[in-house]
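**Student:** Just to be clear, the model below is a prediction. Sequence and coordinates:
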Amino acid sequence: MKEFPVRRRRSRHPAGPGATRADVVHAVDGLSLTARHGEITALLGPNGAGKTTTLECAQGLQQPSRGTVRLLGQDPWRASPALRARVGVMLQDGGLPQAVRPLELLRHVASLYRSPRDMDELVERLGISGFDRTVVRRLSGGQRQRVALAAALAGNPEVLFLDEPSAGMDPQSRNIVFDLVQQLRREGVCIILTTHLLDDAQRLADQVYIVDHGRVMAQGSVAELVAPGADAPAVLVLTLAPEQLGAGPFPWDGPGFEDVRTTRADRTVTLTGALTPPLLETVTRWFTATGTLPESLSLQPRTLEDVFLDISGREIR
Amino acid sequence: MTAPAPPTATRPQPAPLARRVAAQARYETRAVLRNGEQLLLLLILPLMALVALTLTDLLDAAVPAGAARVDVAVPGVLALCVLSNAFSGQGIQTGFDRRYGVLRFLSTTPLGRGGLIAGKLLAIVAVLVVQYVLVAALGLALGWRPDAAAVLLSVPVLLLGAAAFTGLGLLLAGTVRAEATLAVTNLVWVLLAAVGGTLFPARTLPAGLGRAVELLPSGALGTALRETFLTGTPALLPVLVLAVWAAAAWAAAVRWFRWS
């Protein structure tokens, strides 16, 4: 198996304009990850988690102040044209000139490679042909994203970086793009994408790295991350009957539930955290004691969203 | 389960260096020449200036004995062309490329940072050729009859001027916001066209101002070009001034240019 390891230690970002040496913020600190050929590796995290910084170090756009990055076994900061020809990059902001027509731009990017991809076919497939003569400035966000993806694929890369690929895309374009990305995975391309959309990661990723505060908070396949276990249990969702609303105190407000997070919206109660069989029994015993049944009660596997929110917290940043 | 083989049997390869740089130069040249505002600055205003300076008596004080107005006007207009092209044109283009992440994207392709800069330099030369041909053609129509040797010698002088102004344009584009680059390059263009020693020789300006202008890259380039065409060789001083500006501007651009 061919590996594409990205290992980061530390990358410095000035804290803002006027930042002095003393108040340097580490956008990425001690983050270590590896992406493999034939797999989609997703960096999942909230805004400002350090995803883009990590990607930029791997793409050779930033030099980490410490640590090592290896792109196909080489240092991306000193990448030769030969190395860059094997790597495709789709930047978060697209990186597209505004006054050019997509087809012309894509033909130009293709001319930088010895045997580029058939751009006409790609333009057709990504639905770019409908606007291939409209200047980039007038395109919608989703249209620009597709042009940027086509540009990243111009050289038939072995490694493909996608920074927030589905941003601004309508569901149809998203499906087209995801189909293409999955086909590239089957062809053996090593794909590294960042997203804050859990759905993207759940649909696409073989390996997920949940990143926050510049660190890897959790990693594994989607199945591994959502699997129930001692510290990754299931979710209990129940809907109270109307007459139960005033029947408190409820068991989940009592002893034993200290490590369980309770969220309640109207009559729906969601319990996540360290759920155990005895706690489940405590809940059902309450129904026995009150002589009532809930409207519904179900034990569900966690979604990636539950894992993500457990790790990165529920507050908005 | 075994991992699939890498995507292609043959490893993706870059186009040869010369082809990459030529492609970028073609692309940049087209981008600049297709932009209406750029065309105004690069060609239309300089050509209009040439007609105006030849038909009016604005330059009469600066025309030496035995020469015609057009002999003084053409070198000044060529100096203005360099300013429009290397400083304003590529400065604005690069400033917006930086703002929209184009510099970052292209530096991840086989073109790389070096190829990108090389492409831009070649594009400047290509646009300069177009400018020179059109200005010379209009000049000939207006009675300009230059020495063949002077025409030949004007090429390295123009390239030295282009080097200085490209360094300054890149320095600006790589350090301030794109809108600021746009505003500053346009303002500087107007100032240097009027009193920068390009269209009007520095010695026609008030004495104190004239001496200061001789030390500007615009004044030095204007003087060097006029001397090349009027006396056959440029004096050492303006050439030296241009070389110092070129070296300083490039050193500063290399030091402070930011790609993002």
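**Tutor:** The structure has been received and is ready for your questions. These figures come from a predicted structure and were not determined experimentally.
**Student:** Using PDB, write down the CA coordinates of stretch B:120-130.
**Tutor:** Taking C-alpha atoms only, stretch B:120-130 is exported to PDB below (Å, rounded to 0.1, in the frame of the first residue of the first chain):
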ATOM      1  CA  LYS B 120       4.400  37.700 -16.000                       C
ATOM      2  CA  LEU B 121       7.800  39.100 -17.000                       C
ATOM      3  CA  LEU B 122       7.400  37.600 -20.500                       C
ATOM      4  CA  ALA B 123       3.900  39.000 -20.700                       C
ATOM      5  CA  ILE B 124       5.300  42.500 -19.900                       C
ATOM      6  CA  VAL B 125       7.900  42.100 -22.700                       C
ATOM      7  CA  ALA B 126       5.200  41.000 -25.100                       C
ATOM      8  CA  VAL B 127       2.900  43.900 -24.300                       C
ATOM      9  CA  LEU B 128       5.900  46.200 -24.600                       C
ATOM     10  CA  VAL B 129       6.600  44.900 -28.100                       C
ATOM     11  CA  VAL B 130       2.900  45.700 -29.100                       C
END
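**Student:** could you give the mean pLDDT of that stretch?
**Tutor:** Mean pLDDT, stretch B:120-130: 97.
**Student:** So is it next to chain A?
**Tutor:** No. Applying C-beta under 8 Å from any C-beta of the partner chain, one finds stretch B:120-130 out of contact with chain A, separated by at least 12.7 Å. From N, CA and C alone the C-beta is placed, and that goes for glycine too.
**Student:** Please spell out which residues along that stretch are buried.
**Tutor:** Of the residues in stretch B:120-130, B:K120, B:L121, B:L122, B:A123, B:I124, B:V125, B:A126, B:V127, B:L128, B:V130 count as buried by neighbour count, 16 or more other C-beta atoms under 10 Å in any protein chain shown.
**Student:** So which of the residues you listed belong to helices?
**Tutor:** Among these, the residues falling in helices (DSSP state H) are B:K120, B:L121, B:L122, B:A123, B:I124, B:V125, B:A126, B:V127, B:L128, B:V130.
**Student:** Find the closest residue to chain A in chain B.
**Tutor:** Distances between chain B and chain A by C-beta to the nearest C-beta are smallest at B:F105, namely 2.9 Å.
**Student:** ok, of the buried residues of stretch B:120-130, which one's closest to A:M119?
**Tutor:** Nearest to A:M119, judged by C-beta to C-beta, of these is B:A123 at 22.7 Å.
**Student:** Quick one: residues contacting the closest one.
**Tutor:** By C-beta atoms under 8 Å, 6 or more residues apart in numbering or on different chains, B:A123 lies in contact with B:Q24, B:A25, B:R26, B:E28, B:T29, B:V32, B:Q90.
**Student:** Tell me, how many residues neighbour the nearest residue to it once chain neighbours are set aside?
**Tutor:** Among residues not flanking B:A123 along the chain, B:E28 sits closest, at 3.6 Å (C-beta to C-beta, 6 or more residues apart in numbering or on different chains). Neighbour count for B:E28, taken as other C-beta atoms under 10 Å in any protein chain shown: 26.
**Student:** I'd like the distance from B:E28 to B:G114, if you could.
**Tutor:** Plainly put, B:E28 is 15 Å away from B:G114 if you go by C-beta to C-beta, to the nearest Å.
**Student:** Name the nearest residue to B:L42, sequence neighbours excluded.
**Tutor:** Closest to B:L42 by C-beta to C-beta, 6+ apart is B:S84, at 4.9 Å.
**Student:** three-state assignment of the one you found?
**Tutor:** helix (DSSP: H, G, I helix; E, B strand; the rest coil).
**Student:** Next, the contact list for the closest residue to chain B within the stretch 51-200 of chain A, please.
**Tutor:** Using C-beta to the nearest C-beta, A:G95 is the residue of the stretch 51-200 of chain A that sits closest to chain B, at 2.9 Å. For A:G95, the contact set (C-beta under 8 Å, 6+ apart) comprises A:V89, A:A148, A:A151, B:Y100, B:G101, B:V102, B:R104, B:F105, B:L106.
**Student:** With adjacent residues omitted, what lies nearest to the third one?
**Tutor:** The shortest distance from A:A151 to any non-neighbouring residue, by C-beta to C-beta, 6+ apart, is to A:V109 (4.9 Å).
**Student:** Which helix or strand contains the one you found?
**Tutor:** A:V109 is part of helix A:102-110 when elements are defined by DSSP states H and E.
**Student:** pLDDT below threshold where in the chain?
**Tutor:** I'll assume chain A. By pLDDT under 70, the low-scoring segments of chain A are A:1-27, A:29-30, A:228-233, A:312-317.
**Student:** switch to chain B, that's the one I care about
**Tutor:** Within chain B, the segments meeting pLDDT under 70 span B:1-9.
**Student:** So which bits of it are right by chain A?
**Tutor:** Close to chain A, as judged by C-beta under 8 Å from any C-beta, chain B has residues B:2-8, B:10-17, B:19-20, B:23-24, B:27, B:31, B:34-35, B:96-97, B:100-102, B:104-112, B:115, B:259-260.
**Student:** Show me just the buried residues among those residues.
**Tutor:** B:4, B:6-7, B:12-15, B:20, B:23-24, B:27, B:31, B:35, B:96-97, B:100-102, B:104-112, B:115.
**Student:** what ranges do the helices span in chain B?
**Tutor:** B:17-33, B:36-39, B:45-55, B:69-82, B:90-99, B:102-108, B:112-141, B:148-173, B:178-195, B:207-214, B:217-231, B:236-256.
**Student:** Distance to A:L225 for those helices - can I get that in TSV?
**Tutor:** Below are those laid out as TSV (distance: least, C-beta to C-beta, whole Å):
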stretch	distance to A:L225
helix B:17-33	42
helix B:36-39	52
helix B:45-55	63
helix B:69-82	60
helix B:90-99	38
helix B:102-108	30
helix B:112-141	38
helix B:148-173	45
helix B:178-195	42
helix B:207-214	68
helix B:217-231	61
helix B:236-256	44
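**Student:** re earlier: just flag the most distant two among the contacts of B:A123.
**Tutor:** B:R26 and B:Q90, at 14.9 Å, using C-beta to C-beta across the contacts of B:A123.
**Student:** Tell me which of those two has more neighbours.
**Tutor:** Per other C-beta under 10 Å, whichever of B:R26 and B:Q90 has more neighbours is B:Q90, with 27 against 16.
**Student:** was I right about the more buried one contacting B:L170?
**Tutor:** Yes. If you go by C-beta atoms under 8 Å, B:Q90 and B:L170 touch, sitting 7.3 Å apart.
**Student:** who touches B:L242 in this structure?
**Tutor:** B:V157, B:L160, B:G161, B:A163, B:A164, B:P217, B:A220, B:L221, B:A224.
**Student:** Counting neighbours, what do you get for residue 145?
**Tutor:** As the question left the chain open, I've gone with chain A. So A:Q145, with other C-beta under 10 Å, has 26 neighbours.
**Student:** Chain B is the one I meant
**Tutor:** B:R145 has 9 nearby residues by other C-beta under 10 Å.
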